[in-house]
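[1] No sequence on hand, only this structure:
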């Protein structure tokens, strides 16, 4: 429907905890899901990155994540469970600070339970980069940004410098 402005690091709305979605609200979220899709695809076109986006990144304070890898997947009220003790570290990027990479530690495996747009509940088992991606997006719903998960004070690199490291 529309490409929305992505809120950038420092915007106070990014630090707010989002409200749960009720079944009655689902029809009103159809245009929001379309906007999340359009915004993410435009970001992907510009930055060659972007597999998912959380509603608060476009100023919508609802527990909604949109992911598009193999197919469009809106996730209403996602909840992470079964977080593995095993962790891994990686350079994380974010649409809300596209010039910055942050070195973070994430759980290697987890489950995510969510409702789709028909209010049907789903549970997925996630591993590796998909587990990391959805931990990142669910953090957004709780007002937590990757910069808050940095491993240490040297865990930051500008995109141009990160490319030199790779």
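    Perfect, thanks for sending it. Remember, predicted model here, so these are calculated numbers, not experimental data.

[2] Mind checking which residue lies nearest the centre of this structure?
    residue 137 (2.3 Å; CA atoms, centre = their mean).

[3] next helix or strand past whatever helix or strand that residue lives in?
    Using DSSP states H and E, residue 137 maps to helix 128-141. Note on helix 128-141: by DSSP H and E, the next helix or strand toward the C-terminus is strand 156-158.

[4] Give the pairing partners of that next one; include direction for each.
    strand 100-107 (antiparallel) (DSSP bridges).

[5] what residue ranges in the protein score low on pLDDT?
    Applying pLDDT under 70 to the chain flags residues 163-166.

[6] Let's see that with 90 instead.
    Within the chain, the ranges that satisfy pLDDT under 90 run 1, 159-166.

[7] the strands in it, which residues?
    52-54, 64-68, 72-81, 87-93, 100-107, 109-115, 121-127, 156-158 (DSSP state E).

[8] which of those strands is buried the deepest?
    Among these, ranked by average contacts under mean count of other CB atoms under 10 Å, first place goes to strand 52-54 (a mean of 26). The way it works is simple: take the backbone N, C-alpha and C, and place the C-beta from them, glycine included.

[9] partner strands of that one, parallel or antiparallel?
    strand 64-68 (antiparallel).

[10] Give me the contacts around the strand it pairs with.
    18, 21, 29, 32-33, 36-37, 40-41, 51-55, 72-76, 78, 114, 133-134, 137-138, 140-141 (CB atoms under 8 Å, 6 or more residues apart in numbering).

[11] mind redoing it with 7 Å?
    21, 29, 32-33, 36-37, 40, 51-55, 73-76, 78, 137 (CB atoms under 7 Å, 6 or more residues apart in numbering).

[12] Go through the longest helix along the chain and flag the buried ones.
    The single longest helix within the chain, with elements called by DSSP state H, is helix 26-47. With burial defined by 16 or more other CB atoms under 10 Å, the residues of helix 26-47 counted as buried are 26, 29, 32, 33, 35, 36, 37, 39, 40, 43.

[13] That helix - contacts with which helices or strands?
    For helix 26-47, the elements it packs on are strand 52-54, strand 64-68, judged by 3 or more CB pairs under 7 Å, 6 or more residues apart in numbering; DSSP states H and E.

[14] Turn the buried residues of helix 26-47 into CSV, including distance to residue 61.
    What follows is the buried residues of helix 26-47, written out as CSV (distance: CB to CB, whole Å):
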residue, distance to residue 61
26, 16
29, 12
32, 11
33, 15
35, 14
36, 14
37, 19
39, 16
40, 18
43, 20
